[in-house]
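> can you look at this prediction? I've put the sequence above it.
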Amino acid sequence: MLIKAPAKINLTLRILSKRADGYHELSSLMRAIRLFDVLEVEAFTPWDRANGKKVVTFGAGEPYCDINVQADTKSVEEGPGNLAYKAASLMVSKLHGQIHGIDISIKKHIPVASGLGGGSADAAAVLLCLAKKTIPEIKLPDLADWGAEIGMDVPFCVYACAAANPDLGYEGAGTALAEGAGELITPLYVQEKAWLVLVNPQVEVPTKQVYELFDIQGDRDSVSDNDLEAPCAEAWPIVAETLKALKNICATEGLGDIKVQLSGSGPTIFAYFEESLKAEAERVYTRAKETFEGMKVLFTETL
């Protein structure tokens, strides 16, 4: 089964407190965008195995499932540390004995470790594919709850991935309010389309480190709607420089009020334009490509 896994941006990300379990209570308005990884997911059931499609062995007690992940870029781990692999392993544990083999192929278009949720989107895509084959009656909120066991961006990505693949038959949502640690999802079904210019400085920004910096620095009353922007920009000067430069481009185009902000824990910066401002967004994109040499600059729209 082929499936598209959409990236996401955080229009808002407010950190409310740190919980005893190490996670942070937050409130985040999230939107899926038309930047997709493409996955091919094939699952082999006991019946497939009986027909000779997959041959696996069994250990003592627990059924053994052969999980294989392949990606088209070396920057993506293909073993148990990969979130798509974790999603497959989770489904094996949930569906005891129903899946005997899983093959996953990933074509990456979402930059790795970019704050755009690519790994979480891949995990959500795997959950949806395997659920469709084995338990098509499952409700999306229940599948999103399972996704929270993998990572706190996965529940939203389950809804977004369902919206990007309507043929699967689930009622997805490309926009939602995420609360709790990210696992409490309120879908928002009616949203106007927007255009985006994305600039990825192509530096590695570990999510855990950004949250740790926020815990140390506290809330500095940032003008940004993303509470992680200040600690990320302070620790990685290239992020601060990119933010400033993209804001300057928008200002010189007469668009000083446009939202220019960090997505997630970074390092990707986005400029967000209302649907009526497509021509203006395209001008900013053209200038951004000229300005940010050596960086990944993309033009896209919301899902």
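Ah, there it is.
> which residues does residue 104 contact?
39, 40, 41, 42, 67, 68, 69, 70, 84, 85, 88, 126 (CB atoms under 8 Å, 6 or more residues apart in numbering). To be clear about C-beta, it is placed using only N, CA and C from the backbone, and glycine gets the same treatment.
> also residue 259?
By CB under 8 Å, 6+ apart, the residues touching residue 259 are 11, 225, 270, 271, 272.
> list phi and psi for it.
phi -70, psi 120 (degrees, to the nearest 10).
> and residue 40, by the same measure?
According to degrees, to the nearest 10, residue 40 has phi -110, psi 120.
> now it: closest residue in space, sequence neighbours ignored.
Spatial nearest neighbour of residue 40, excluding adjacent residues (CB to CB, 6 or more residues apart in numbering): residue 105 at 4.4 Å.
> next, the buried residues of the strand or helix carrying that neighbour.
Assessed by DSSP states H and E, residue 105 sits inside strand 101-107. Going by neighbour count (16 or more other CB atoms under 10 Å), the buried part of strand 101-107 is 101, 102, 103, 104, 105, 106.
> tell me which strands that strand pairs with, and in which orientation.
According to DSSP bridges, strand 101-107 forms sheet pairs with strand 24-44 (antiparallel), strand 66-71 (parallel).
> worst average pLDDT in these?
Per-stretch mean pLDDT for the strands paired with strand 101-107 is lowest at strand 66-71 (a mean of 90).
> tell me the angle the helix or strand just after it makes with strand 66-71.
Next in sequence after strand 66-71, counting helices and strands by DSSP H and E, comes helix 83-94. Put simply, helix 83-94 runs at 160 degrees to strand 66-71, going by axes from the mean of the first three to the mean of the last three CA atoms, to 10 degrees.
> pull the CA atoms of helix 83-94 into PDB?
Extracted in PDB, the C-alpha atoms of helix 83-94 (Å, rounded to 0.1, in the frame of the first residue of the first chain):
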ATOM      1  CA  LEU A  83       9.700   5.800  14.300                       C
ATOM      2  CA  ALA A  84       8.200   3.900  11.400                       C
ATOM      3  CA  TYR A  85       9.900   0.800  12.700                       C
ATOM      4  CA  LYS A  86       8.600   1.600  16.200                       C
ATOM      5  CA  ALA A  87       5.000   2.000  14.700                       C
ATOM      6  CA  ALA A  88       5.300  -1.400  13.000                       C
ATOM      7  CA  SER A  89       6.600  -3.000  16.300                       C
ATOM      8  CA  LEU A  90       3.700  -1.400  18.200                       C
ATOM      9  CA  MET A  91       1.100  -2.800  15.800                       C
ATOM     10  CA  VAL A  92       2.600  -6.300  16.100                       C
ATOM     11  CA  SER A  93       2.200  -6.100  19.900                       C
ATOM     12  CA  LYS A  94      -1.300  -4.800  19.700                       C
END
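> hang on, the earlier thing: pLDDT and distance to residue 277 added to the buried residues of strand 101-107, as TSV?
Putting those into TSV (pLDDT from 0 to 100; distance: CB to CB, whole Å) gives the following:
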residue	pLDDT	distance to residue 277
101	83	48
102	90	43
103	92	43
104	96	38
105	97	37
106	97	33
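> quick one: buried residues of stretch 259-274?
Buried residues in stretch 259-274, counted by 16+ other CB under 10 Å: 259-273.
> among the residues you listed, which ones are in strands?
Of the buried residues of stretch 259-274, the ones assigned to strands by DSSP state E are 259, 260, 261, 262, 269, 270, 271, 272, 273.
> out of those, what pair is the most spread apart?
Using CB to CB, these reach their maximum pairwise distance at 262 and 273, which is 17.0 Å.
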